[in-house]
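Visitor: generate coordinates for the sequence data below:
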Amino acid sequence: MGMRWRVAAVVLLLGAVLFLSGIRSWPDQARGMRPGNQADEFFRYVAQQLNEPVLCDKIPWSVESPGGFFIAPSYERSECYDFIAGRTKDPRLCRKVKRLGAFSLLSNQTSMWRCLDHALHGRNGGIAIAPADLVRFFGEMGYDPDSLPLEGITPPVVSLKDIYRQLPAQPDIATRIKKATGASDKPSSSSPGDIVNAAYLADMAALVTQDSRWCFRIPEDLPLAGEPSKFRDWCVFTLATNTRNAELCRRIPVRADGTDPRMSLREQCGFQVNSPHPSNLRYGPEVPDDDDRTRADYHVGGRFIDRVQRLPENN
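Guide: The predicted model follows:
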């Protein structure tokens, strides 16, 4: 009887040692681990946005998340399951989570047990991905971001406001704006909605080309959504600040709106431009606050998931 207990104790001890040593990860480490790439990030991003753990399966077990200060390296795939388990509070997903390497008392590790804790208490975090990379991946899947169909109510995967902010980097953006709005230095007469659209484009063109004539194509009394300033005044202010052009500041009118002239946008502009300690601040173009105006959020549903699943695994 004593011998059986000793054998059982040895077996349990051996099992505990093997478990703590990370035996489940030995085959993966023997085959070789690699850092994640953009495709791996894309699958994880979409999986967490849509709460679809089946998309985590597209991430190979060979992909390693590097960790950080007191954070142990982990499987990118396990991180994907762990995040969705925490967000959906579904502990069943934790069965798929593997710990990478031996157990550590000094570092946080992604493991089945930590996943269960997240599934019980919830978890925030996740991974972000550059809008330009999202657009490229959508193109590879056959989607045109400008005409991506609404296929159900799901979390937004692409924000066109983020894509809009990337437009100034396009080398031909000024030419395209000129074609879209006409060559005249004065705004053409059109519907109120078209006038506002043209104002946003003129603001972008002004900052890209550093040509103030674009600002003066914006109607003088057109308000800027969410700001006390007029749109034209704000365009001139941001351009003058970016180019440190004091002459432009003097072209901003002091409005008769009861504001102390010393606190006017013209004075603020002059202060920023003439400051002996110039700031590294650079203004970007205004982004429309109207979702319809920028087609801001695209929602994709079941067919999107199917199409992502059909993308080849990135081994």
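Visitor: where do the strands sit along the stretch 101-250 of the chain?
Guide: Per DSSP state E, counting those that start in this stretch, the stretch 101-250 of the chain carries strands over the ranges 158-159.
Visitor: quick one: low-confidence parts of it?
Guide: Within the stretch 101-250 of the chain, the segments meeting pLDDT under 70 span 103, 105-107, 124-163, 182-191.
Visitor: number of residues surrounding Arg255?
Guide: Counted with other CB atoms under 10 Å, residues neighbouring Arg255 total 16. Where C-beta positions appear, they are placed from N, C-alpha and C, glycine not excepted.
Visitor: SS state for it?
Guide: For Arg255, the assignment made with DSSP: H, G, I helix; E, B strand; the rest coil gives coil.
Visitor: ok, it - contacts?
Guide: 230, 233, 264 (CB atoms under 8 Å, 6 or more residues apart in numbering).
Visitor: what count of nearby residues applies to Arg250?
Guide: 13.
Visitor: now the helices: where do they sit in this structure?
Guide: Using DSSP state H, the helices found in the chain span residues 2-20, 26-31, 38-50, 76-88, 112-121, 131-140, 160-166, 173-181, 192-209, 231-243, 246-249, 265-274, 291-294, 302-310.
Visitor: spatially nearest residue to Asp211 (excluding sequence neighbours)?
Guide: In space, and not counting its chain neighbours, Asp211 is closest to Ala205: 7.4 Å by CB to CB, 6 or more residues apart in numbering.
Visitor: so how far is Ile218 from that neighbour?
Guide: Counting by CB to CB, to the nearest Å, the separation of Ala205 from Ile218 is 11 Å.
Visitor: same check on Leu55?
Guide: On the measure of CB to CB, Leu55 and Ile218 end up 44 Å apart.
Visitor: which residues are in contact with Glu286?
Guide: 200, 203-204, 224, 231, 234.
Visitor: what about Asp172, how many neighbours?
Guide: 8.
Visitor: quick one, domains of the protein?
Guide: Domains of the chain are assigned by automatic domain parsing as 2-128, 164-294.
Visitor: sorry, back to before: out of Leu55 and Ile218, which sits in the more crowded spot?
Guide: Neighbour count, other CB under 10 Å: between Leu55 and Ile218, Ile218 has more, with 26 against 23.
Visitor: my guess is the more buried one contacts Arg232. True?
Guide: Yes. Assessed by CB atoms under 8 Å, Ile218 is found in contact with Arg232 at 4.2 Å.
Visitor: and Gly36, how far from Pro60?
Guide: Distance from Gly36 to Pro60, by CB to CB: 10 Å.
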